[in-house]
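Trainee: Predicted coordinates and the sequence they were generated for:
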Amino acid sequence: MAADWQKTIKDKYDETLKAQKGQAQAARDIAQAGYEKQLNDAPAQYKALRNETSVNKNLQDRIRKENMANMGLSGAGGTSQTFQQRNTNNFLNNMGNISRQQQDFTDNINLALSNLNTQYGADVNSMIVQNNAERNAELLAQNQWQSGYDLQNRQFGLQNQQFDYQKELDKQAQKNTIFEQAYSLLAKRKITKRQFEAMTGVKLR
């Protein structure tokens with residue numbers, strides 16, 4: 001029946017689309033997990049950079065003080081304050097750069113996540129459109145084949161009916177011919193009534 005092959009085709013494409021969606025989602029989930037891990041790891045990584053910057057500043061301050069002491073100068077002298085201010089400015093600049101880098105990194109990862117989901121949605125829509133197109137094409141082709149097959153069957157049945165009808169006509173014509181021949185013989189008294197009835201199957205009164 002038509003409903004059977006239509007269901008078979010639709011089920012086949014439903015299963016194909018389900019598998020394609022599953023593969024696309026799995027790939028999306030793997031990529032998303034990678035991006036999210038980078039986001040989760042970022043605070044610790046940038047904290048390490050900040051700690052390193054703080055350690056470097058403290059080390060520079062200590063070296064400055066030791067150098068000033070070796071030179072017999074007060075750690076509170078003008079030159080010392082200039083170096084201290086320079087170290088502080090460098091420290092603040094480095095901290096600011098680290099914060100900007102972290103923010104840029106976070107923004108880029110969030111953008112990548114957004115693009116990932118956008119691409120996943122576009123891929124799924126493309127799968128659906130392609131799947132529907134292929135399914136409809138196969139349904140149409142099968143429907144055309146089925147229509148042709150049904151038409152051939154109807155034509156064959158019609159031919160059989162015509163053949164049977166012609167056989168009946170031929171049989172009737174043959175009966176008529178036999179009847180006419182038998183009647184002619186009977187009229188000429190060349191056969192008896194009983195012979196006429198045997199030849200034609202028609203009983204005479």
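Mentor: Great, that's in hand.

Trainee: what helices or strands is the longest helix along the chain leaning on?
Mentor: Ranked by residue count under DSSP state H, the longest helix found in the chain is helix 78-187. Using 3 or more CB pairs under 8 Å, 6 or more residues apart in numbering; DSSP states H and E as the contact test, the elements touching helix 78-187 are helix 2-70, helix 193-200. C-beta here means a position set from N, CA and C on the backbone, and glycine is covered the same way.

Trainee: centre of the chain versus it, how much separation?
Mentor: 8 Å (CA atoms, centre = their mean, to the nearest Å).

Trainee: average pLDDT for it?
Mentor: Mean pLDDT, computed over helix 78-187, is 83.

Trainee: just the angle between that helix and helix 193-200, please?
Mentor: Here the directions of helix 78-187 and helix 193-200 differ by 170 degrees (axes from the mean of the first three to the mean of the last three CA atoms, to 10 degrees).

Trainee: Helix 78-187 versus helix 2-70: what angle between them?
Mentor: Using the same axes, to 10 degrees: helix 78-187 against helix 2-70 is 170 degrees.

Trainee: TSV for the helices and strands packed on helix 78-187, including distance to residue 136, mean neighbour count and mean pLDDT?
Mentor: Shown next, in TSV, are the helices and strands packed on helix 78-187 (distance: least, CB to CB, whole Å; neighbours: other CB atoms under 10 Å; pLDDT from 0 to 100):
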stretch	distance to residue 136	mean neighbour count	mean pLDDT
helix 2-70	9	13	88
helix 193-200	65	14	80
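
Trainee: Please produce CSV containing those helices, extended by distance to residue 165.
Mentor: Shown next, in CSV, are the helices and strands packed on helix 78-187 (distance: least, CB to CB, whole Å):
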stretch, distance to residue 165
helix 2-70, 31
helix 193-200, 23
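
Trainee: And these: which comes nearest residue 118?
Mentor: Nearest to residue 118 among the helices and strands packed on helix 78-187 is helix 2-70 (10.7 Å), distances taken as CB to CB.

Trainee: Show me what the closest one is packed against.
Mentor: If you count contacts as 3+ CB pairs under 8 Å, 6+ apart, helix 2-70 packs onto helix 78-187.

Trainee: any idea how far the residue nearest the centre of the chain is from residue 121?
Mentor: Centroid-nearest residue in the chain: residue 127, 3.2 Å away (criterion: CA atoms, centre = their mean). Distance of residue 127 to residue 121, computed by CB to CB, to the nearest Å: 11 Å.

Trainee: list the buried ones in stretch 85-93?
Mentor: By neighbour count with 16 or more other CB atoms under 10 Å, stretch 85-93 contains the buried residues 87, 91.

Trainee: Would you mind listing the outside residues contacting that stretch?
Mentor: Residues outside stretch 85-93 that contact it (CB atoms under 8 Å, 6 or more residues apart in numbering) are 53-54, 56-57, 60-61, 64.

Trainee: Perfect, that will be all.
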